[in-house]
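**Q** Kindly return the folded structure for what I paste below:
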Amino acid sequence: MSPSAPQRSLFGLPFAALRTGEVVEACADVVRHGGQLSIGVANAAKVVGMRRDRTLWDATLACDLLLADGMSIVWASRLLGRPLPERVAGIDLFVELLRQAESLGRSVYFLGAEEGVLRAMLARLSREYPTLHVAGARHGYFGDAEEPAIADAIRDSGADYLFLGMSSPKKEIFLARWARPIGVRICHGVGGSFDVLAGKTRRAPRWMRRAGLEWSYRLIQEPRRLWKRYLFTNLAFLGLVLKERFSPAPPAPRPAPPAARSSPPNRPVVL
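**A** Next up, the predicted model:
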């Protein structure tokens, strides 16, 4: 976690109490003046998942800046008396950083998604950000043994920004292992944002996002696949909020980065 960012401890996690614009400016400072910043995001589902997966827990804590990418986290922070100023959506931050990279004349690297999705996204970005310098791009389907070569390629590209369009925990583990060695200024795990910019999936209307109803939009699109997940995840998160209300979890220490080629087995987190 960046030491200069105000923090709110929630569920043992050090969320940065920053607005989107403040995060964007912090990234600009790092790019202009040197240093490195790895950015992680968490919503209610991820917080619940982190309790069951020690690998995901440790890898998420290894990032420099942890942001609340979910209105449930923001609402919980207010209920618990440790308010966060707003939701910082990963995809919104992604778009702002693309604009920033273009305006500063800096280069970007994209890692993630399927090859076809990656090509479609790059085609759209070439139209919307015509002067953006893309230092490199690679699909997100690879094993642990391929990681060192991929990290070398990213480092050799000279990119200033790295965006990872991969699912959890793969993107968090990759960042925990390689964010420092590759030397990229800004690393941001953006999840399914590549699919959205490529037009493969649709995002909820702005009014639904502002109301914290983006999850319901996804549920409407894929009810059979998602209804059980949302039901049990939401109930589990409510349980965590109640527990946090009466017995706050202590701030978790920052773990050592995972090994470069192998992942530890999944273990539940006990707080």
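**Q** and residue 251, how many neighbours?
**A** Each residue near residue 251 was counted by other Cβ atoms under 10 Å, and the total is 14. All C-beta spots, glycine's among them, are computed from the backbone N, C-alpha and C.
**Q** That one falls within a strand, correct?
**A** No. According to DSSP: H, G, I helix; E, B strand; the rest coil, the state of residue 251 is coil, so it is not within a strand.
**Q** Need the nearest residue in space to it, chain neighbours excluded.
**A** Of all residues not flanking residue 251 in the chain, residue 9 sits nearest, at 4.7 Å (Cβ to Cβ, 6 or more residues apart in numbering).
**Q** Let me know the distance separating the one you found from residue 100.
**A** The gap separating residue 9 from residue 100 is 29 Å, by Cβ to Cβ, to the nearest Å.
**Q** swap in residue 119?
**A** Going from residue 119 to residue 100 by Cβ to Cβ gives 24 Å.
**Q** So which of the two has more stuff around it?
**A** For residue 119 versus residue 100, the count of surrounding residues by other Cβ under 10 Å is larger for residue 100: 19 against 14.
**Q** quick one: secondary structure of the more buried one?
**A** Assigned with three-state DSSP, residue 100 falls in the helix class.
**Q** likewise the one 10 residues further on?
**A** Classification of residue 110 into helix, strand or coil gives strand, according to three-state DSSP.
**Q** ok, it - contacts?
**A** Residue 110 makes contacts with 118, 121, 122, 134, 136, 137, 138, 163, 165, 194, as judged by Cβ atoms under 8 Å, 6 or more residues apart in numbering.
**Q** Next, check those against the strands and list the overlap.
**A** Among these, DSSP state E puts 134, 136, 137, 138, 163, 165 in strands.
**Q** is it true that the fifth one touches residue 184?
**A** No. Applying Cβ atoms under 8 Å as the test, residue 163 and residue 184 come out as separate, 10.0 Å apart.
**Q** Setting aside sequence neighbours, what's the nearest residue to residue 188?
**A** Leaving out its chain neighbours, the residue that sits closest to residue 188 by Cβ to Cβ, 6+ apart is residue 39, at 4.5 Å.
**Q** ok, now residue 12?
**A** Excluding its sequence neighbours, the residue lying closest to residue 12 (Cβ to Cβ, 6+ apart) is residue 249, at 3.7 Å.
**Q** Determine the number of other residues adjacent to the one you found.
**A** By other Cβ under 10 Å, 15 other residues sit near residue 249.
**Q** Okay, now the unreliable bits of this protein?
**A** The chain contains residues with pLDDT under 70 at 1-4, 204, 213, 215-219, 221-231, 256-271.
**Q** Please consider this matter closed, and thank you.
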